[in-house]
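Trainee: next one to model:
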Amino acid sequence: MKIGYAQRDITPSPGTVMCAFPKKTPAGKVPREDMGCRDSLNIRALIMDEGDSPVAIVSCDLILWQTCDALEIREMAQQLSGNRIAPDQIQIACTHTHASFENTYLFSDTPDMALIAATKLAVAQIICEALDQMDDAEVYFSQIDAPYNHNRRVIENGSVILVGDRDDRTDGQTDPTLSLIRFDRKNGQTVFWINWTGHPLTLGPGNSRFSSDYPGRLIDMLADRFPGSSSLFTNGCAGNIHPFKSMKPDDVATMQVAALLAEKVVEANTQASKLETNKLHLDYDEVRLSHRDSEGVKITVPIACLTISNLKIGFLPGEPFVEFQLSYRDQMLPNLSFVNGYSNGWHGYMPTAKAYVEGGYGADFFPGEKPEYGRTQIKPGDGERIVDELIKLSKKR
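Mentor: A predicted model of the protein is given here:
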């Protein structure tokens with residue numbers, strides 16, 4: 001296999017509006033303004049090629065990309081690359097940090113459209129840069145338990161509450177698996193791809209500085225542990241999963257979670273086994289749905305499966321609940337597998353049918369949001385349908 005890698009800092013200037021946790025005012029929701037970054041926001045692109053068609057995996061230190069933007073970026077990358085890569089072979093994931101800049105179109109204030117346009121162009125450009133840096137590589141894979149996450153939906157007194165900054169563990173369903181792919185390049189460089197499941201919410205609404213949260217600090221720690229290496233992080237189906245320390249005003253919990261995960265990556269790296277890479281395919285499809293509340297609004301749900309040897313890697317947009325990740329992994333046996341959420345767009349939360357019955361945050365409908373951008377777009381049962389389609393797609397090969 002040949003791989004290429006490139007990255008770029010996309011941290012905007014102080015004073016830029018931030019995503020998430022808007023202040024409620026009589027005039028509507030007003031975004032936070034950044035007061036200076038804690039650590040940089042980056043975009044990272046990994047290209048894999050076995051000779052048939054290159055595949056791109058992009059990780060962005062952003063809360064999300066709306067589907068229209070993600071699909072536009074893929075088309076831009078094809079054009080800028082001179083048709084060296086097809087749009088459906090590009091998977092654009094977000095780490096889901098809640099300390100990035102506003103690009104969700106969810107709040108009453110208009111986001112910085114020039115910044116969003118520049119960022120979309122930067123993502124397309126680093127895909128091209130990675131394509132220009134291809135080199136032979138051997139591929140290794142490992143999975144290990146990293147039990148530092150928990151389910152943030154808790155039933156108390158018959159109602160679902162959302163666990164915020166409580167540090168005690170809940171007993172709800174979760175997936176502690178950390179997946180590690182290591183690429184050892186012929187030029188001597190190592191590239192790590194890490195997947196783990198947990199909202200990057202160690203920093204909460206009291207924070208007013210840009211940060212990549214624990215994924216970025218994890219990558220910084222790995223650069224110190226493995227000099228000369230590069231890493232990218234993708235999140236799992238974390239729609240109902242928090243790190244065990246969350247929603248803090250400072251980065252103490254950020255560093256604690258990152259340090260614990262770094263130790264697990266080091267341990268997983270010592271156990272990694274070589275993958276035979278003569279089998280590399282990315283299968284892509286789109287599921288079409290009707291909006292939960294707005295008649296006539298149609299939802300495009302991109303899904304994909306990357307196959308590397310006996311490893312199946314699923315991609316889902318929006319915020320899937322962890323139960324879908326566990327179901328997918330069970331259906332992929334005896335193959336190895338993991339799932340990336342927050343990929344190729346956004347249809348809001350993706351609860352299980354059971355969660356709709358229980359109600360609570362992520363399942364109850366959010367009124368007053370633009371239907372094409374909102375947090376609760378899909379109907380009960382749609383999540384199961386989407387994952388069933390992903391399972392079918394993943395079993396094609």
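Trainee: when you work out contacts or count neighbours from here on, use the C-alpha atoms and nothing else.
Mentor: Will do.
Trainee: so where do the helices sit in the stretch 251-397 of the chain?
Mentor: Ranges of helices within the stretch 251-397 of the chain are 252-271, 322-332, 353-358, 382-394, based on DSSP state H, counting those that start in this stretch.
Trainee: next, the buried residues of the last one.
Mentor: Within helix 382-394, the residues that qualify as buried by neighbour count (16 or more other CA atoms under 10 Å) are 382-384, 386-391, 393-394.
Trainee: what average pLDDT does it get?
Mentor: Averaging pLDDT along helix 382-394 gives 97.
Trainee: any idea which of the helices of the stretch 251-397 of the chain gets closest to residue 237?
Mentor: helix 322-332 (4.8 Å; CA to CA).
Trainee: now the closest one - C-alpha only, CSV.
Mentor: Extracted C-alpha coordinates of helix 322-332, given in CSV (Å, rounded to 0.1, in the frame of the first residue of the first chain):
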residue,chain,number,x,y,z
VAL,A,322,-23.4,3.9,20.6
GLU,A,323,-25.8,1.0,20.4
PHE,A,324,-25.6,1.3,16.6
GLN,A,325,-21.8,1.0,16.8
LEU,A,326,-22.1,-2.2,18.9
SER,A,327,-24.6,-3.7,16.5
TYR,A,328,-22.4,-2.9,13.5
ARG,A,329,-19.4,-4.5,15.1
ASP,A,330,-21.3,-7.6,16.0
GLN,A,331,-22.6,-8.0,12.5
MET,A,332,-19.1,-7.6,11.0
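Trainee: would TSV of the buried residues of helix 382-394 with distance to residue 351 be doable?
Mentor: Formatted as TSV, these follow (distance: CA to CA, whole Å):
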residue	distance to residue 351
382	9
383	6
384	9
386	11
387	11
388	14
389	16
390	16
391	17
393	21
394	21
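Trainee: for those, which one is nearest residue 284?
Mentor: residue 393 (7.6 Å).
Trainee: who's in contact with the closest one?
Mentor: Neighbouring residues of residue 393 by CA atoms under 8 Å, 6 or more residues apart in numbering: 283-285, 304-305.
Trainee: and it, how far from residue 364?
Mentor: Separation of residue 393 from residue 364 (CA to CA, to the nearest Å): 30 Å.
Trainee: poorly predicted segments of the stretch 1-150 of the chain, please.
Mentor: 108-110 (pLDDT under 70).
Trainee: where exactly do the helices run in it?
Mentor: 67-80, 113-131.
Trainee: check what pLDDT the nearest residue to residue 390 once chain neighbours are set aside gets.
Mentor: Sequence neighbours aside, residue 303 is the residue nearest to residue 390 in space, at 6.2 Å (criterion: CA to CA, 6 or more residues apart in numbering). Model confidence at residue 303, given as pLDDT, is 98.
Trainee: quick one: residue 303 and residue 317 touch, right?
Mentor: Yes: under the criterion of CA atoms under 8 Å, residue 303 makes contact with residue 317 at 7.2 Å.
Trainee: between those two, tell me which one has more neighbours.
Mentor: Set residue 303 next to residue 317 and count neighbours by other CA atoms under 10 Å: residue 317 wins out with 29 against 25.
Trainee: distance of residue 356 from residue 383?
Mentor: Residue 356 is 11 Å from residue 383, by CA to CA.
Trainee: residue 24 now?
Mentor: 31 Å.
Trainee: ditto for residue 393
Mentor: 15 Å.
Trainee: can you check residue 309 too?
Mentor: Per CA to CA, residue 309 is found 28 Å from residue 383.
Trainee: phi, psi for residue 371 please.
Mentor: Main-chain torsions, residue 371, degrees, to the nearest 10: phi -60, psi -30.
Trainee: neighbours of it, how many?
Mentor: With other CA under 10 Å as criterion, residue 371 counts 21.
Trainee: can you check the pLDDT for it?
Mentor: Note on residue 371: pLDDT of 84.
Trainee: thought it was touching residue 294?
Mentor: Yes: using CA under 8 Å, residue 371 is in contact with residue 294, at 6.6 Å.
Trainee: can you list residues touching both of the two?
Mentor: Common neighbours of residue 371 and residue 294, using CA under 8 Å, 6+ apart, do not exist here.
Trainee: OK, contacts around the nearest residue to residue 245 once chain neighbours are set aside?
Mentor: Among residues not flanking residue 245 along the chain, residue 167 sits closest, at 5.3 Å (CA to CA, 6+ apart). Counting by CA under 8 Å, 6+ apart, residue 167 touches 244-246.
Trainee: ok but residue 167 is inside a strand, no?
Mentor: No: counting by DSSP: H, G, I helix; E, B strand; the rest coil, residue 167 is not found in a strand; it is coil.
Trainee: distance of it from residue 253?
Mentor: Taken as CA to CA, the span from residue 167 to residue 253 is 10 Å.
Trainee: equivalent analysis for residue 366, please.
Mentor: Counting by CA to CA, the gap from residue 366 to residue 253 is 29 Å.
Trainee: of those two, which one has the most company?
Mentor: Taking neighbours as other CA under 10 Å, residue 366 and residue 253 compare with residue 253 leading, 21 against 15.
Trainee: pLDDT score assigned to that one?
Mentor: We have a pLDDT of 94 for residue 253.
Trainee: also residue 166?
Mentor: pLDDT at residue 166 comes out at 69.
Trainee: circling back to that earlier point, closest to residue 85 out of the helices of the stretch 251-397 of the chain?
Mentor: helix 382-394 (20.9 Å).
Trainee: now the angle from the closest one to helix 322-332?
Mentor: Helix 382-394 runs at 30 degrees relative to helix 322-332, counting by axes from the mean of the first three to the mean of the last three CA atoms, to 10 degrees.
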